[in-house]
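Asker: generate coordinates for the sequence data below:
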Amino acid sequence: MSASETEYLTQLGQRAKAASFVLASLSAKQKSALLMEISHQLGERKDDILQANAQDVANAKANGLTDAMIDRLMLDEGRLAGVIADIDNVIALADPVGNESESRVLDNGLRLTRRSVPLGVVGVIYEARPNVTVDIAVLALKTGNAVILRGGKETITSNKVLSEVIRSALAIQKLPQDAVQLIDSPDRSIVSGLLRLDKYVDMIIPRGGQNLQRLCAEQSSIPVILGGIGICHLFVDKHADLVRAIDVITNAKVQRPTVCNALDTLLVHQDVAAEFVPNIASHLHTLGVRFHACGKAAGYLDGLGFDVTVAHDESFSTEWLSLTLGIKVVNDIDVAVEHIRQYSSGHSEAILTDDIHAAAHFMNQVDSAAVYVNASTRFTDGSQFGLGAEVAVSTQKLHARDSMALDALTTYKWLAWGDYTSRQ
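Answerer: You can find the predicted model right below:
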């Protein structure tokens, strides 16, 4: 990294840290007013935002990006309206900052209280989706954190306009604009530099593929929250309602196949596979789904005219992000669980069954961030869980897990009150 890049990042960090001190002292009322201003400004600048995004989409098409990637970066009028609506949901949520717990008087006379406080400065590195720019900024500001954003080059035009809108709202509210800063350089060395900015940045959140996750985990001198990769499974038990199962599986796979909580692998109990595998494949085939099937599942589909590839280990290790589905026939629920343990990214898994004992066994044995019974994996989302917009989905176990919302952007400090008390 060059000296000029080092200086640029240092100044970025210094400004973010200074802004975080101002944000930490804001009242809940002041933060709500700020978020309402951001919502208002996004509506006022709608045409500019959509025009910028259209340019990003056009560039993506010209550069030969896949349909799945283009869908992820597209921000049409409906999606922008959803982003703005999510801000209202966040405003309505209770502010976790300042909550006090575990208050007690110790034998030595100290009155001890634990208070939730902002993290300080959060660095977020993400790919494709421009809505992430707004979601992260809003959640960070709601919890009194400054944020440094580094989006993907595919959405640079959209992100520039969105960050400008948010910074204008900060200025209108007479708050430091540097509470939200965007790194608009596509240079990868900037990412490496950000990961070592531990003097100013308190936490790194990468939202992207496995390569980005590994890069952050290996190079960062700042604590990193890992997640966002979704190799999601759904197991059809022998006691499942095979008619109602079709709609749930279709929702999990087809509703929005380019997101991390979409279904990647369907596991089917051998006792119902001969009937169910052709039925579900026939239904999904009409919706454009292609299949990577184990030998037994492929045998059930042979000669039916579907797009079927024989699956290998790599197939079951793939987050498809497209209208592609892995199918595997398993002997029983324990084999299904073992497959999930081997191939899952720890994001979201589901079982369809009318057997309460099978459901309980699955939920107890599967160690992913979200585990469902008789429901689509598509519900793993901050807004769907009633948490408001989310910063990321964490698949690790320390500090935060699953949909990271407001509480995940706070830490705590101990407050101790004495009467000129000395330790004996």
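Asker: how many residues are close by residue 33?
Answerer: Neighbour count of residue 33, defined by other CB atoms under 10 Å: 16. (C-beta placed from N, C-alpha, C; glycine too.)
Asker: ok, for it, nearest residue in space, not its chain neighbours?
Answerer: residue 173 (6.3 Å; CB to CB, 6 or more residues apart in numbering).
Asker: so what's the one you found up against?
Answerer: 30, 33, 34, 37 (CB atoms under 8 Å, 6 or more residues apart in numbering).
Asker: what does residue 60 give?
Answerer: So, once contact is read as CB under 8 Å, 6+ apart, residue 60 ends up touching 69, 70, 73, 154.
Asker: list the residues that contact the closest residue to residue 176 other than its chain neighbours.
Answerer: Leaving aside its chain neighbours, residue 176 sits nearest to residue 19 (4.0 Å; criterion: CB to CB, 6+ apart). Residue 19 makes contact with 146, 175, 176, 177, 178, 179, according to CB under 8 Å, 6+ apart.
Asker: kindly indicate which of those residues lies nearest residue 160.
Answerer: residue 177 (14.1 Å; CB to CB).
Asker: okay, the closest residue to that closest one other than its chain neighbours and residue 95: tell me how far apart.
Answerer: The spatial neighbour of residue 177 that comes closest, neighbours along the chain excluded (CB to CB, 6+ apart), is residue 167 at 4.3 Å. Separation of residue 167 from residue 95 (CB to CB, to the nearest Å): 22 Å.
Asker: do residue 360 as well
Answerer: From residue 360 across to residue 95, the span is 36 Å (CB to CB).
Asker: higher neighbour count, the two?
Answerer: Shown here are residue 360 and residue 95; by other CB under 10 Å, residue 95 has more neighbours (19 against 11).
Asker: before we move on, what SS does that one have?
Answerer: The three-state label given to residue 95 by DSSP: H, G, I helix; E, B strand; the rest coil is coil.
Asker: tell me the phi and psi of it?
Answerer: Phi and psi for residue 95, reported as degrees, to the nearest 10, are phi -80, psi 120.
Asker: test my guess that it contacts residue 34.
Answerer: No: Residue 95 lies out of contact with residue 34 (CB atoms under 8 Å); the separation is 12.0 Å.
Asker: can you map out the helices along the stretch 301-424 of the chain?
Answerer: Using DSSP state H, counting those that start in this stretch, the helices of the stretch 301-424 of the chain run over residues 313-316, 333-343, 356-365.
Asker: pull out the buried positions in the last one.
Answerer: When you say that, I think you mean helix 356-365. Buried residues in helix 356-365, counted by 16 or more other CB atoms under 10 Å: 358, 359, 361, 362.
Asker: what of the longest one?
Answerer: Neighbour counts using 16+ other CB under 10 Å place 333, 335, 336, 337, 339, 340, 343 of helix 333-343 among the buried residues.
Asker: ok, now stretch 178-194?
Answerer: Buried residues in stretch 178-194 (16+ other CB under 10 Å): 178, 179, 180, 181, 182, 183, 190, 191, 192, 193, 194.
Asker: surely the fourth one and residue 18 touch.
Answerer: No: in terms of CB under 8 Å, residue 181 does not count as a neighbour of residue 18; the distance is 11.5 Å.
Asker: from the contacts of residue 173, which is closest to residue 162?
Answerer: Residue 162 lies nearest to residue 37 out of the contacts of residue 173, by CB to CB, at 14.4 Å.
Asker: the closest one reaches residue 171, doesn't it?
Answerer: No: counting by CB under 8 Å, residue 37 does not reach residue 171; the two are 9.6 Å apart.
Asker: these two - which one has more neighbours?
Answerer: residue 37 (18 against 11).
Asker: OK, contacts around that one?
Answerer: So residue 37 contacts 169, 172, 173 (CB under 8 Å, 6+ apart).
Asker: residue ranges with poor pLDDT in the stretch 151-300 of the chain?
Answerer: Confidence mapping of the stretch 151-300 of the chain against pLDDT under 70 gives the ranges 227-228.
Asker: report the buried residues of stretch 369-377.
Answerer: 369, 370, 371, 372, 375, 376, 377.
Asker: looking at those residues, which are in strands?
Answerer: Secondary structure from DSSP state E places 370, 371, 372 of those in strands.
Asker: report the beta-bridge partners for the second one.
Answerer: Just to be clear, that refers to residue 371. When assigned by DSSP bridges, residue 371 has beta-bridge partners residue 349.
Asker: ok, it touching residue 347?
Answerer: No: contact criterion CB under 8 Å: residue 371 and residue 347 do not qualify, at 10.4 Å.
Asker: longest helix anywhere in the protein?
Answerer: In the chain, taking DSSP state H as the definition, the longest helix is helix 3-24.
Asker: buried ones in it, by neighbour count?
Answerer: Buried residues in helix 3-24, counted by 16+ other CB under 10 Å: 8, 9, 12, 13, 15, 16, 17, 19, 20, 23, 24.
Asker: I'd like the residues you listed laid out as JSON lines, including pLDDT.
Answerer: Putting these into JSON lines (pLDDT from 0 to 100) gives the following:
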{"residue": "8", "pLDDT": "92"}
{"residue": "9", "pLDDT": "94"}
{"residue": "12", "pLDDT": "95"}
{"residue": "13", "pLDDT": "96"}
{"residue": "15", "pLDDT": "97"}
{"residue": "16", "pLDDT": "97"}
{"residue": "17", "pLDDT": "96"}
{"residue": "19", "pLDDT": "97"}
{"residue": "20", "pLDDT": "96"}
{"residue": "23", "pLDDT": "97"}
{"residue": "24", "pLDDT": "94"}
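Asker: now the longest helix of the chain, how far from the centre of its chain.
Answerer: 25 Å (CA atoms, centre = their mean, to the nearest Å).
Asker: just to revisit the earlier point, now intersect the buried residues of stretch 178-194 with the helices, please.
Answerer: Within those, residues falling in helices by DSSP H are 190, 191, 192, 193, 194.
Asker: next up, the contacts around the first one.
Answerer: Meaning residue 190. 1, 5, 8, 9, 150, 183.
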